[in-house]
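build me a structure from this.
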Amino acid sequence: MNVRLKTSATLCLALALGAGTKAHADYPGQDPDWPCAQRLVPTLTAGAYWDGKVPANTGWRDDDKLFPLVTDIVDRDTTDADGLAKLNAFADAIPVDQRATQLPAIFSAIVDQTNDERALLIQRIKQLGLRQRKMGDVVAAISTQVDATPPADPKHDTLAGERDFDVRAFQETQHTMRYACEAPADMERRLGLYAHDLERKLHAGRH
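Predicted coordinates:
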């Protein structure tokens, strides 16, 4: 029992350490609080997705039609298919001769909202990583206590039980973190889908 628990704790700590150091080793200059293997891109820019100039659209939140669309399609609970369908329906209603102005403005709004949503998500991931590092310290400390306590000592089984519980909590959080770490990149990917669809409509309107 003692050997199995010690191995589990060591494995969990190695996974946590590996996830953090891999990101920093592969991508120099990364935020030291970023716990994911995926590269952190703090802010997305329209120019990385759009072929042409995208003017700032600071008033989109006051637009009664655009605001609900943008917040809906950027929401992570909205599927790609639903988001694209709603965006296409909105864009199709814009007269062809106005699309050269309005479509880039729509995309600018989508970038703004995506950055807002990602910033909150990134902060939550950093907080989760901090809690995980603290939990790793707890697991390491109690593992040391268990190893230093003779099996015949009545406290040994109690400490071993606590370590087993902490190891399971660590593993569950590690699983959650792996899933959470994929979310910022998934938002980047979807932003690319929206850019592609809007640009396709823009180019089609020029022919």
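
lowest-confidence helix or strand of this structure?
Least confident helix or strand of the chain, by mean pLDDT, DSSP states H and E, is helix 2-26 with a mean of 46.

continuing past it, what's the next helix or strand?
Using DSSP states H and E, the helix or strand that follows helix 2-26 in sequence is helix 66-74.

what does that next one contact?
Here helix 66-74 makes contact (CB atoms under 8 Å, 6 or more residues apart in numbering) with 60-61, 78, 82-83, 86-87, 90, 106, 109-110, 112-114, 117, 187, 194. Glycine gets a C-beta too; all of them are placed from N, C-alpha and C.

in ChimeraX, how would I select just the buried ones from these?
Buried members of these, defined by 16 or more other CB atoms under 10 Å, are picked up in ChimeraX with:
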select :60,83,86,87,90,106,109,110,112,113,114,117,187,194
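
D166 and E199: what is the separation?
Separation of D166 from E199 (CB to CB, to the nearest Å): 51 Å.

let me fix that: Q38
Taken as CB to CB, the span from Q38 to E199 is 26 Å.

F90 too?
Distance from F90 to E199, by CB to CB: 15 Å.

give the residue farthest from the middle of the chain.
A152 (46.8 Å; CA atoms, centre = their mean).

that one in helix, strand or coil?
Look at A152: counting by DSSP: H, G, I helix; E, B strand; the rest coil, its state is coil.

numbering from 3 from now on, please.
Will do, 3 is the new start, and the previous item becomes A154.

tally of neighbours for the closest residue to Q115 other than its chain neighbours?
Distances taken as CB to CB, 6 or more residues apart in numbering put V76 closest to Q115, at 4.4 Å, once the chain neighbours are dropped. Other residues within reach of V76, judged by other CB atoms under 10 Å, total 23.

L89 reaches Y196, doesn't it?
Yes - if you go by CB atoms under 8 Å, L89 and Y196 touch, sitting 5.9 Å apart.

mind checking which helix or strand F172 is in?
Counting by DSSP H and E, F172 is part of helix 156-206.

still on that earlier bit, neighbour-wise, which of D168 and E201 wins?
Neighbours were counted for D168 and for E201 using other CB under 10 Å; D168 has more, 21 against 17.

give me every residue that touches that one.
Here D168 is in contact with A11, M137, V140, V141, I144 (CB under 8 Å, 6+ apart).

tabulate those residues (JSON lines), appending neighbour count, secondary structure and distance to R101.
What follows is the contacts of D168, written out as JSON lines (neighbours: other CB atoms under 10 Å; DSSP: H, G, I helix; E, B strand; the rest coil; distance: CB to CB, whole Å):
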{"residue": "A11", "neighbour count": "23", "secondary structure": "helix", "distance to R101": "59"}
{"residue": "M137", "neighbour count": "19", "secondary structure": "helix", "distance to R101": "52"}
{"residue": "V140", "neighbour count": "15", "secondary structure": "helix", "distance to R101": "57"}
{"residue": "V141", "neighbour count": "23", "secondary structure": "helix", "distance to R101": "57"}
{"residue": "I144", "neighbour count": "20", "secondary structure": "helix", "distance to R101": "62"}
